[in-house]
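>>> the sequence and its predicted three-dimensional model are supplied below.
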Amino acid sequence: MESLQEIAQQISSSGLKVTPQRIAIMQALEKSRIHPTAEELYKEISPSIPGLSVTTIYNTLDSFVEKGLVCRVKTDSGSMRYDRVSEHHHHLYCASSDRLEDYYDDELDKMLRAYFEKKQIEGFRISDVRLQLTGEFQDQGLKKKNKQ
């Protein structure tokens, strides 16, 4: 996990003003692996920042997305979740619980790259391949077993 100084530097380097709210939101995203919604972030952060509003959370997330610090991930249920841009990964999505988790698999990444190097799509240049696998979580330890 990144330090406060590293988070502040990333925010500043993106051209945004460093504020306690932005640092708190980025910290919460950094430590979360469930890709929280704005409302979930608000519930987590608001007790420590009096006067924080859901609108501030949404506006900050929009700024982070615009600057490339965070990605939006829309789930099948229509909820908008936020993913801290970091190392390359895929997603595991459980439609019944609307849970979204990171999935890391170097072998899968190599296979996908090799496939699309051989089979190019006419008129389209692929810059990245990210998968979202939809299913049902059977236990809480799945993500830990797949983290490489």
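The structure has been received and is ready for your questions. Numbers count the residues shown, from 1 in each chain.
>>> once you drop chain neighbours, what's closest to residue 4?
residue 23 (6.6 Å; CB to CB, 6 or more residues apart in numbering). Backbone N, C-alpha and C define where each C-beta goes, glycine included.
>>> check contacts around the one you found.
4, 7, 8, 11 (CB atoms under 8 Å, 6 or more residues apart in numbering).
>>> now, among the residues you listed, which is nearest to residue 110?
residue 7 (31.4 Å; CB to CB).
>>> part of a helix, is the closest one?
Yes. Using DSSP: H, G, I helix; E, B strand; the rest coil, the secondary structure at residue 7 is a helix.
>>> contact partners for it?
Taking CB under 8 Å, 6+ apart as the test, what residue 7 contacts is 23, 26, 27, 30.
>>> which of those residues tops the neighbour count?
residue 26 (23 neighbours; other CB atoms under 10 Å).
>>> and that residue, how far is that from residue 133?
Note on residue 26: its distance to residue 133, by CB to CB, to the nearest Å, is 27 Å.
>>> can you map out the helices along the protein?
4-13, 20-31, 38-45, 54-66, 106-118, 142-146 (DSSP state H).
>>> could you check the pLDDT of the most centrally placed residue in the chain?
Nearest to the geometric centre of the chain sits residue 83, at 1.0 Å (CA atoms, centre = their mean). The model reports residue 83 with a pLDDT of 90.
>>> can you verify my assumption that it contacts residue 75?
No. With contact defined as CB atoms under 8 Å, residue 83 does not count as touching residue 75 (11.4 Å).
>>> leaving out chain neighbours, which residue sits closest to residue 44?
Residue 44 sits nearest to residue 28 (CB to CB, 6+ apart), 5.4 Å away.
>>> revised request: answer the last question for residue 52.
Closest to residue 52 by CB to CB, 6+ apart is residue 46, at 4.9 Å.
>>> the one you found: how many residues sit nearby?
Using other CB under 10 Å, residue 46 has 16 other residues around it.
>>> now it: how far from residue 74?
In terms of CB to CB, residue 46 sits 24 Å off from residue 74.
>>> alright, I will stop here.
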